[in-house]
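Trainee: Just need the structure, nothing else, for what follows:
(4 chains)
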There are 2 protein chains.
Amino acid sequence: MQITSRFTIAVHIITCIDCFKDEYKVTSNFIAQSTGVNPVIIRGVLSQLKEAGMVNVRQGASGITLAKPLDEITFYDIYEAVDSVKDVGLFHFHENPNMDCPVGRNIHAATDSRLAQVQAAMENKMKQIKLSDVVDEVKSKIKAENK
Amino acid sequence: MQITSRFTIAVHIITCIDCFKDEYKVTSNFIAQSTGVNPVIIRGVLSQLKEAGMVNVRQGASGITLAKPLDEITFYDIYEAVDSVKDVGLFHFHENPNMDCPVGRNIHAATDSRLAQVQAAMENKMKQIKLSDVVDEVKSKIKAENK
DNA sequence: ATAAGTTGATACTTATAATATATCATATTA
DNA sequence: TAATATGATATATTATAAGTATCAACTTAT
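Mentor: Okay, the predicted model is just below:
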């Protein structure tokens, strides 16, 4: 199992918007080119980022822009926005434990809070990572290329 | 996306083995009944737990037993044993970023170490949770039922 | 006003992975 | 040696993610 690529796609999208905002008109097709991902998927992710207040996209009007400073967007914000982990949680609990068995009917309750702790540890770390961290690094790598 | 149910199945299996070791002969079919999971899957997980040195299983010989004290088995040990997250990592990076694009060819390197940090945070928390924690709670819940 | 370009929406297809199922070989033990 | 258990394998089913095709709706520039 893996966390959906929509997450890294979203990071890529935001990086693109910021890096190319002065040079190019950033469209969903432009981003599709840079990411190597289908434009329909890009539009889907853009729509989720828009709903979360991170980007400005308007039907018909080209030119996608950021709606928030990069240091106010965390990995967690994006993770939530693109629905990386549905409300069912990070762990898939086997679905039919036997309620006639003492272990089967109690294992879920005895495990859930601990699985939630693990998920929370992951999410808390994501809250500490800002998009500006990534974009700054990408920009400095690009600068290094041009020497 | 979710972490494979093999993880919670494994927790259930170990709990079963310990809880019923005195009352029943614990077989893969017995466990299949308690978990509501197909016996072939159970045998597969058992084989992984065996490889990791957590259980004793022998072809032909019935009676599965624990090979390690419960307080020496962590969630992380199980997570590793059942291969919850393959070596590709927790995050699925979109696979074809455009190498002709400055962002496309640098985004991966700029993101990877941070994704690894997130995964490590999750795994470190798993190392703190012992199977004895879960089994103790299940046992006390069962005890409470019988009052 | 209209044409060109862009996003929004939807339906369908494809690819992949997890789990279930069926079946039989092999080992143990009474 | 019969009964029972695990090991192994091949196939089917299911769920989900991503790709693709297509067209409607909107914006903007001419």
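Trainee: Residue of chain A nearest DNA strand D, please.
Mentor: For chain A and DNA strand D, the shortest gap (C-beta to the nearest atom of the strand) falls at A:Gly60, measuring 2.2 Å. (C-beta placed from N, C-alpha, C; glycine too.)
Trainee: So the residue sitting furthest away from the middle of chain A, which state does it fall into?
Mentor: Distance from the C-alpha centroid of chain A, by C-alpha atoms, centre = their mean, peaks at A:Asp100 (40.9 Å). Under the three-state scheme (DSSP: H, G, I helix; E, B strand; the rest coil), A:Asp100 adopts coil.
Trainee: tell me which parts of chain A are close to DNA strand C?
Mentor: Within chain A, the positions near DNA strand C by C-beta under 7 Å from any atom of the strand are A:1, A:25, A:27-29, A:40, A:43-44, A:46-47, A:50, A:57-62, A:64, A:92, A:94, A:96.
Trainee: Do a quick rundown of the helices in chain A.
Mentor: Secondary structure of chain A by DSSP state H: the helices cover A:6-20, A:28-35, A:39-51, A:75-81, A:102-127, A:131-145.
Trainee: Can you list the low-confidence ranges for chain A?
Mentor: By pLDDT under 70, the low-scoring segments of chain A are A:1.
Trainee: interface residues of it facing DNA strand D?
Mentor: Counting by C-beta under 7 Å from any atom of the strand, the residues of chain A that sit close to DNA strand D are A:4-6, A:37-38, A:40-41, A:58-61, A:86.
Trainee: follow-up on the earlier one: give the stretch among the helices of chain A with the greatest mean number of neighbours.
Mentor: Comparing the helices of chain A on average neighbours per residue, with mean count of other C-beta atoms under 10 Å in any protein chain shown, the densest one is helix A:6-20 at a mean of 25.
Trainee: Determine the set of other helices and strands touching it.
Mentor: The contact analysis (3 or more C-beta pairs under 8 Å, 6 or more residues apart in numbering or on different chains; DSSP states H and E) places helix A:6-20 against helix A:28-35, helix A:39-51, strand A:55-56, strand A:65-66, helix A:75-81, helix A:131-145, helix B:107-127.
Trainee: Kindly recompute the last result at 6 Å.
Mentor: helix A:28-35, helix A:39-51, helix A:131-145 (3 or more C-beta pairs under 6 Å, 6 or more residues apart in numbering or on different chains; DSSP states H and E).
Trainee: and stretch A:17-37, how far apart are its ends?
Mentor: Using C-alpha to C-alpha, to the nearest Å, the gap from the first to the last residue of stretch A:17-37 comes to 15 Å.
Trainee: neighbouring contacts of it?
Mentor: Residues outside stretch A:17-37 that contact it (C-beta atoms under 6 Å, 6 or more residues apart in numbering or on different chains): A:9, A:12-13, A:16, A:39, A:42-43, A:62-64, A:66, A:135, B:94, B:96-98, B:101, B:103-104.
Trainee: from the residues of chain A next to DNA strand D, which single one is nearest A:Ile78?
Mentor: Minimum separation from A:Ile78 among those (C-beta to C-beta) is found for A:Arg6, which lies at 9.2 Å.
Trainee: Contact partners for the closest one?
Mentor: For A:Arg6, the contacting residues are A:45, A:82, taking C-beta under 6 Å, 6+ apart as the criterion.
Trainee: Check the spacing between it and A:Ser140 real quick.
Mentor: When distance is defined by C-beta to C-beta, to the nearest Å, A:Arg6 is 26 Å away from A:Ser140.
Trainee: again with A:Glu95
Mentor: Separation of A:Glu95 from A:Ser140 (C-beta to C-beta) stands at 47 Å.
Trainee: Over to A:Ile73?
Mentor: Going from A:Ile73 to A:Ser140 by C-beta to C-beta gives 19 Å.
Trainee: Let me know the distance separating the residue nearest to A:Gln117 when sequence neighbours are not counted from B:Lys68.
Mentor: Distances taken as C-beta to C-beta, 6 or more residues apart in numbering or on different chains put B:Lys125 closest to A:Gln117, at 6.1 Å, once the chain neighbours are dropped. Here the criterion is C-beta to C-beta. By it, B:Lys125 lies 21 Å from B:Lys68.
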